[in-house]
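Undergrad: I need the structure of the sequence given here:
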Amino acid sequence: MTGGPARVDHGVTSGTFSLDGETFDVDNNVWVVGDDEECVVIDAPHDVDAILAVVGNRKVKAILLTHAHDDHVRVAPGLRERVTAPILLHPDDRPLWELTHTDELWDVDLHDGWTIEVAGTTLQAIHTPGHAPGAVCFLAPDLGCVFTGDTLFNGGPGATGRSYSDRPTLVASIRSRLLDLPDDTVVHTGHGDDTTIGAERDGVLAEEG
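TA: Model prediction:
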């Protein structure tokens, strides 16, 4: 391959998250998986130019959304226009998407087990509802990592308690879909620092439910 081996590139964008009548300042991770020629973008928060700074001059094959909270999808349509790539989202998150985007939709429905190849590596969608009904993690086995959005953080499961979220469902998703991964699997999160499956295992298993 002339583009070199697949790798993970990272950026951080800053903006707000709004739901249930409250707004918070947040920093979001942007993850780009690919080589020197092509890539996919995971989540589209806050600032198209900041995302494109991570992408560089590569061809974007797809914009993959872990879920449809506004801080993860706000600039997805604008990014789609700039890079001419489809937006992929799990259809169960349509109610959340429509809170931010009332007059346009994503392009392709994500479902559990869906795969995409980029730069010689494969990403697989894992449906992990709980933080949001259509929350999805993206597993990259060849790279030894999983992109968890707001499903699993450094420090445990993601937040619940707001509309469309449910703590027992979230913990069950992590237990059944993520804890079977090797302990050294790197967890690239939607906010904050990386962790590993092994580092989070005991905390998740200690959760009731």
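Undergrad: can you tell me which helix in this protein is longest?
TA: helix 197-206 (DSSP state H).
Undergrad: Quick check: nearest residue in space to the residue most central in space within the chain, chain neighbours excluded?
TA: Centroid check for the chain by CA atoms, centre = their mean gives residue 66 as the closest residue, at 3.2 Å. If you skip the residues right next to it in sequence, residue 66 has residue 149 as its closest partner in space, 2.6 Å away by CB to CB, 6 or more residues apart in numbering. Where C-beta positions appear, they are placed from N, C-alpha and C, glycine not excepted.
Undergrad: what sits against that neighbour?
TA: Contacts for residue 149 (CB atoms under 8 Å, 6 or more residues apart in numbering) come out as 43, 66, 67, 72, 131, 135, 136, 137, 158, 189, 190.
Undergrad: Filter those residues down to the ones in strands?
TA: Among these, the members found in strands (DSSP state E) are 136, 137, 189.
Undergrad: Of those - the most surrounded one?
TA: Most neighbours among the ones in strands among the contacts of residue 149, by other CB atoms under 10 Å: residue 136, with 29 neighbours.
Undergrad: Return the residue spatially closest to residue 122, with its sequence-adjacent residues excluded.
TA: residue 115 is the one closest to residue 122 (CB to CB, 6+ apart), at 5.4 Å.
Undergrad: Run through the bridge partners of that neighbour.
TA: Taking DSSP bridges as the rule, residue 115 bridges to residue 124.
Undergrad: give me the number of residues near it?
TA: Other residues near residue 115 come to 10 when the count uses other CB under 10 Å.
Undergrad: give me phi/psi at residue 100?
TA: Per-residue torsions, residue 100: phi -100, psi -40 (degrees, to the nearest 10).
Undergrad: Name the helix or strand of the protein that has the lowest mean pLDDT.
TA: In the chain, the helix or strand scored least confidently by mean pLDDT, DSSP states H and E is helix 197-206, which has a mean of 94.
Undergrad: Specify the local secondary structure of residue 53.
TA: Secondary structure, DSSP: H, G, I helix; E, B strand; the rest coil: residue 53 is helix.
Undergrad: Which residues are in contact with the residue nearest to it when sequence neighbours are not counted?
TA: Closest residue in space to residue 53, ignoring its immediate chain neighbours: residue 11 at 6.5 Å, by CB to CB, 6+ apart. Contact partners of residue 11, counting by CB under 8 Å, 6+ apart, are 29, 30, 32, 50, 51, 53, 54.
Undergrad: Just the closest of those to residue 206, please.
TA: residue 29 (25.7 Å; CB to CB).
Undergrad: State the distance from the residue lying closest to residue 38 once chain neighbours are set aside to residue 32.
TA: In this structure, residue 38 finds its nearest non-sequential neighbour in residue 59, 4.6 Å apart by CB to CB, 6+ apart. Per CB to CB, to the nearest Å, residue 59 is found 12 Å from residue 32.
Undergrad: ok, now residue 140?
TA: Taking CB to CB as the measure, residue 140 falls 12 Å from residue 32.
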